[in-house]
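>>> below: sequence and its predicted model.
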Amino acid sequence: MANLQSNLAGIKSPNPFWLASAPPTNSGYQVMKAFDAGWGGAVWKTLGVPVVNVSSRYGSVNYRNSRMIGFNNIELITDRPLRDNLREITEVKKRFPDHAVIASLMVETKEQWHEIMRQVTDAGADGVELNFGCPHGMCERGMGSAVGQEPKVLKTIVSWVKEVATIPVIVKLTPNITDITRPAVAAVEGGGDAISLINTIQSLVGVDIDNFVPYPVVDGKSTNGGYCGPAVKPIAMNMLKNCAQNPNVTIPISGIGGIENWRDAVEFILLGATNVQVCTAVMHYGFGIIRELTDGLERYMDEKGFQTIDDMRGLALPNIKHWEDLNLKYKVVASINPDKCIGCQLCYTACEDGAHQAIGLSTNLSDRIPHIIEENCVGCNLCSLVCPVEECITMERRDDGTETKTWADRTAAGNIPTTFNDELAGGLHHWVPEPGDALKKRVPRHYKVSGE
């Protein structure tokens, strides 16, 4: 049976699922409740000089029937006294000694960093996470993402913390930067023991079009907030990959950003994360989702034969190349299963108006099943992505797999387009309708078009 135990830079936990620093870790009550449900660790809501928060604080992006695919907050760090948080950290560790309790920190001066580090260490924290990612409120005060966007400053502060640290130091990075590997490398150079990413993305999630104010509304005004939830997962995975593939990022990574189910967690681990942190999914569904997370991960590992998290960590990274290293000889085309097709013709519309005019309709109006015009199909996948029926449209391989040629190979051989009308260009080799055909009465295309 798979062993779910996790070890991030010496911080051990029963499983790789931690609660991210956020409202779900605002108190010892919540953290104890989470640990009792099965969570492996928790990063305490960021400690510092207490703030005064506004009301309201949250906004969301809903898409069709899905609530909160994206979540926005303008909440700041803890508004509770440090002494209360320290007392509760101590109590949690007494009750749950095998679970990871991480103190998220955000202060200003070197003296404050030294002082709060000693205090959370004495309280029993297993490690600290330096919050260099908050994109609102605190950054205006020279903290949060204001630090994460300045690698030299980040390196300096990490080195301050390491001067007194006797427990592991995790550096939390902001995604509000062009190249996240620069602060990641700075964290290494400053002596950090691990990095975590991503923090929230600077955002506005919508505007009240009657009153002309963005959400969330605070007495008729608003501000930008931090964006998280399932919608940010692709961005988080790309930034995780960038750090994991960088040879100068030599410390472990805690993955954050849109993780909602066990498959999400597996993807982050395959891209190099040692463990994962979850926030929005808990705010949406509660601590009980941990049962699905741990059960699903354990089943997956057993099916794949992985004994530990480390057995699977980073396995997807060797398969992520630069575009110029992809095989130009690989060829797939779409195939429609008529037995599964419901005749919605969305694939036809998407391909006709949004892609490569490679799907035709029957002249028999009672037959609503589209068909693929193979010689025009470039294998873009759009039709399979828009199809509402699983496995109705699949992409089938047409090359024999014996030849590999990349753009890098062609460049080295001098076999790439070099002029505006070069015969080597790919667009010269498949049929495209004449512009005027767009103004003609639409006739279902059901015949071969290669000779037109």
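In hand now; what should we look at? Computed from a prediction, not measured in an experiment: that's the story for all the values here.

>>> shouldn't M1 be in contact with E298?
Yes. With contact defined as Cβ atoms under 8 Å, M1 counts as touching E298 (7.2 Å). C-beta: built from backbone N, CA, C; applies to glycine.

>>> higher neighbour count, the two?
Neighbour count, other Cβ atoms under 10 Å: between M1 and E298, E298 has more, with 17 against 7.

>>> quick check: closest non-adjacent residue to that one.
A2 (5.0 Å; Cβ to Cβ, 6 or more residues apart in numbering).

>>> and what of I372?
Closest residue to I372 apart from its sequence neighbours, by Cβ to Cβ, 6+ apart: A334 at 4.9 Å.

>>> what's the pLDDT at that neighbour?
We have a pLDDT of 98 for A334.

>>> buried set for stretch 90-103?
For stretch 90-103, a neighbour-count test (16 or more other Cβ atoms under 10 Å) marks T90, E91, V92, K93, F96, H99, A100, V101, I102, A103 as buried.

>>> cool, and stretch 368-376?
Result for stretch 368-376 [16+ other Cβ under 10 Å]: buried residues I369, P370, H371, I372, I373, N376.

>>> name the nearest of these relative to G220.
Of all these, G220 sits closest to P370, with 50.7 Å by Cβ to Cβ.

>>> ok, now which ones touch that closest one?
I336, C341, Q345, C347, Y348, I359, G360, L361 (Cβ atoms under 8 Å, 6 or more residues apart in numbering).

>>> how near is L19 to G41?
L19 sits 7 Å away from G41, taking Cβ to Cβ, to the nearest Å as the criterion.

>>> that should have said S13, apologies.
Taken as Cβ to Cβ, the span from S13 to G41 is 4 Å.

>>> ok but N62 is inside a strand, no?
Yes. Counting by DSSP: H, G, I helix; E, B strand; the rest coil, N62 is found in a strand.

>>> what sits against it?
M68, I69.

>>> heads up, I number from 30, so please use that
Understood, numbering begins at 30; the last thing we discussed is N91.

>>> per-residue confidence for it?
On the pLDDT scale, N91 is placed at 95.

>>> re the thing from before, of the contacts of P399, closest to H313?
Distances from H313 to the contacts of P399, taken as Cβ to Cβ, are shortest for C376 (32.1 Å).

>>> wait, the closest one sits on I422?
Yes. In this structure C376 lies within contact range of I422 using Cβ under 8 Å: 6.2 Å.

>>> need the residues touching each of those two.
Between them, C376 and I422 share the contacting residues A363, I365, C412, C416, judged by Cβ under 8 Å, 6+ apart.

>>> is it possible to get a markdown table of those residues that adds distance to P464, secondary structure and neighbour count?
Formatted as a markdown table, the shared contacts of C376 and I422 follow (distance: Cβ to Cβ, whole Å; DSSP: H, G, I helix; E, B strand; the rest coil; neighbours: other Cβ atoms under 10 Å):
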| residue | distance to P464 | secondary structure | neighbour count |
| --- | --- | --- | --- |
| A363 | 25 | strand | 26 |
| I365 | 28 | strand | 19 |
| C412 | 23 | helix | 27 |
| C416 | 29 | coil | 22 |
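
>>> inside helices: which ones of the contacts of P399?
Applying DSSP state H to the contacts of P399, the entries found in helices are C376, Y377.

>>> before we move on, back to that, show me what contacts the residue nearest to E327?
Going by Cβ under 8 Å, 6+ apart, A31 touches L326, E327, M330, D331, F335, Q336, T337.

>>> so for the helix or strand containing the first one, mean pLDDT?
Remark: L326 resides in helix 319-333, with elements defined by DSSP states H and E. Per-residue pLDDT values across helix 319-333 average out to 98.

>>> what's it packed up against?
Contacts defined by 3 or more Cβ pairs under 8 Å, 6 or more residues apart in numbering; DSSP states H and E place helix 319-333 against strand 46-48, helix 57-66, helix 291-299, helix 338-341.

>>> buried ones in the last one, by neighbour count?
Right, helix 338-341. Residues I338, M341 are the ones in helix 338-341 that count as buried (16+ other Cβ under 10 Å).

>>> tell me the secondary structure for I196?
Applying three-state DSSP: I196 is coil.

>>> ranges for the strands of the stretch 80-229 of the chain?
Along the stretch 80-229 of the chain, the segments classed as strands by DSSP state E, counting those that start in this stretch run 87-92, 95-102, 129-134, 156-160, 198-201, 223-226.

>>> outline the domain layout of the protein.
Following automatic domain parsing, one gets these domains for the chain: 35-348, 352-468.

>>> need the winner for burial among these.
Most buried of those by mean neighbour count (mean count of other Cβ atoms under 10 Å) is domain 35-348; its value is a mean of 20.

>>> can you give me the end-to-end distance of it?
End-to-end span of domain 35-348 (Cα to Cα, to the nearest Å): 25 Å.

>>> got it, and stretch 226-246?
One end of stretch 226-246 to the other measures 28 Å (Cα to Cα).

>>> where does the prediction get shaky in the stretch 330-479 of the chain?
470-479 (pLDDT under 70).

>>> please, where are all the strands along it?
For the stretch 330-479 of the chain, the strands defined by DSSP E, counting those that start in this stretch cover 361-365, 388-389, 400-401, 422-426.

>>> wait, which of these is closest to W352?
Closest to W352 of the strands of the stretch 330-479 of the chain is strand 361-365 (Cβ to Cβ; 17.0 Å).

>>> how far out from the middle of the chain is the closest one?
Here strand 361-365 is found 29 Å from its chain centre; the criterion is Cα atoms, centre = their mean, to the nearest Å.

>>> CA atoms of that strand as CSV?
Extracted C-alpha coordinates of strand 361-365, given in CSV (Å, rounded to 0.1, in the frame of the first residue of the first chain):
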residue,chain,number,x,y,z
VAL,A,361,-3.3,13.4,-35.7
VAL,A,362,-6.8,14.0,-37.1
ALA,A,363,-10.2,14.1,-35.6
SER,A,364,-12.6,11.1,-35.7
ILE,A,365,-16.3,11.4,-34.8
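
>>> so which elements touch that strand?
Partner elements for strand 361-365 (3+ Cβ pairs under 8 Å, 6+ apart): strand 400-401, helix 411-415, strand 422-426.

>>> can you tell me what sits against it?
376, 387-388, 398-401, 403, 406, 408, 410, 412-413, 421-427.

>>> which residues sit against stretch 136-156?
With Cβ under 8 Å, 6+ apart as the test, stretch 136-156 has contacts from 37-41, 70, 73, 76-78, 111, 115-116, 118-119, 122-123, 129-132, 134, 157, 170-172, 186, 189-190, 192-199, 222.

>>> nearest residue to V461 in space, please, no chain neighbours.
Q386 (7.3 Å).

>>> hey, C-alpha coordinates of the helix holding L326 in PDB?
Output in PDB follows, covering the C-alpha atoms of helix 319-333 (Å, rounded to 0.1, in the frame of the first residue of the first chain):
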ATOM      1  CA  ILE A 319      -9.600  15.600   2.600                       C
ATOM      2  CA  ARG A 320     -11.100  12.200   2.500                       C
ATOM      3  CA  GLU A 321     -11.400  12.300  -1.300                       C
ATOM      4  CA  LEU A 322      -8.000  13.800  -1.600                       C
ATOM      5  CA  THR A 323      -6.200  11.100   0.400                       C
ATOM      6  CA  ASP A 324      -8.200   8.200  -0.800                       C
ATOM      7  CA  GLY A 325      -7.900   9.200  -4.400                       C
ATOM      8  CA  LEU A 326      -4.100   9.800  -4.200                       C
ATOM      9  CA  GLU A 327      -3.600   6.400  -2.400                       C
ATOM     10  CA  ARG A 328      -5.600   4.600  -5.100                       C
ATOM     11  CA  TYR A 329      -3.700   6.300  -7.900                       C
ATOM     12  CA  MET A 330      -0.300   5.500  -6.300                       C
ATOM     13  CA  ASP A 331      -1.300   1.800  -5.800                       C
ATOM     14  CA  GLU A 332      -2.500   1.500  -9.400                       C
ATOM     15  CA  LYS A 333       0.800   3.000 -10.700                       C
END
